[in-house]
Structure formats: C-alpha cells, structure tokens
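Visitor: sequence first, then the predicted structure:
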Amino acid sequence: QVQLVESGGGLVEPGGSLRLSCAASEFTFRRAVMSWYRQAPGKERELVASIPIAGGSPNYQDSVKGRFTISGDNTNNTLYLQMNSLKPEDTAVYLCSALILPGGRYWGQGTQVTVSS
C-alpha cells in the first residue's frame, strides 16, 4: 500500500524558512518521481518541485527557483522541501505526491503553510 505522510507546515513570517517532510513507504519511494504540489484557497493545484528518486535533476516552478530546494533521503525514505525567503503568496496547503509507473499518482493528506506577519 502506498503511504505518504507530510509534516513540517506552520505559520511563518515573510522572509522566514520552513522545511517540509514527506515520509514514504520504501516500495513507493525508490521507484517514484516525487513531487511537492500546493493549493491555495480558490486556486488550482500547482506543481512546486519534482525529483526522480532513482537519479536525475530536480525541476522547480519559476516562482520558487532560488528559494526552495527539493531533496530525497533514501536511508529513511523521506522527501523534503526546504523553503527559504517565504512570501505571503507561498501560503497554501502543500501536498506530497508520488508518480509510480505503472501504477499511478498517489497523494499525501497535505500540510498547511501560512506566511503572514
């Protein structure tokens, strides 16, 4: 069974930092392209960053380039998103996702990130 569990969200002031974590089952993690998406109220879900765990370069949405870093740790099957220089427009529910072929796309439950003074 595919399991993704996010943590690390919270309230932070503009310019601050947060690190999100996504714990994945081993079967999921090593075979997947892992991604972080986000969804703000009244907006569509959008891709923030993705990385192929088996090897390859990460990809980022233009608005987060230079501020966010996606990484994966094979020793504990965890995906991370380091978010620096946060802006109010980064406020959203952040969701971890695994794309496994064949199989499909799987989602975590999401973690709220609020950037506000």
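Guide: In hand now; what should we look at? This structure is a prediction, so every number in the text was calculated from the model and none was measured.
Visitor: now for the helix or strand of the chain with the lowest mean pLDDT, which elements pack on it?
Guide: In the chain, the helix or strand scored least confidently by mean pLDDT, DSSP states H and E is helix 26-29, which has a mean of 76. On a contact count with 3 or more C-beta pairs under 8 Å, 6 or more residues apart in numbering; DSSP states H and E, helix 26-29 meets strand 92-100. In short, each C-beta sits where N, CA and C put it, glycine included.
Visitor: can you tell me the centre-most residue of this structure?
Guide: Nearest to the centroid of the C-alpha atoms of the chain, with distances taken as C-alpha atoms, centre = their mean, sits W36, at 2.7 Å.
Visitor: what helix or strand is that one located in?
Guide: When elements are assigned from DSSP states H and E, W36 belongs to strand 33-39.
Visitor: report the backbone C-alpha coordinates of that strand in PDB.
Guide: Taking C-alpha atoms only, strand 33-39 is exported to PDB below (Å, rounded to 0.1, in the frame of the first residue of the first chain):
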ATOM      1  CA  VAL A  33       9.200  10.500  -9.200                       C
ATOM      2  CA  MET A  34       8.500  12.500  -6.100                       C
ATOM      3  CA  SER A  35       6.900  15.900  -6.100                       C
ATOM      4  CA  TRP A  36       5.600  18.700  -4.000                       C
ATOM      5  CA  TYR A  37       2.400  20.400  -5.100                       C
ATOM      6  CA  ARG A  38       0.500  23.200  -3.400                       C
ATOM      7  CA  GLN A  39      -3.100  24.500  -3.500                       C
END
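Visitor: between that strand and strand 92-100, how big is the angle?
Guide: Strand 33-39 and strand 92-100 are oriented at 150 degrees to each other (axes from the mean of the first three to the mean of the last three C-alpha atoms, to 10 degrees).
Visitor: what pairs with strand 33-39, parallel or antiparallel?
Guide: strand 46-52 (antiparallel), strand 92-100 (antiparallel) (DSSP bridges).
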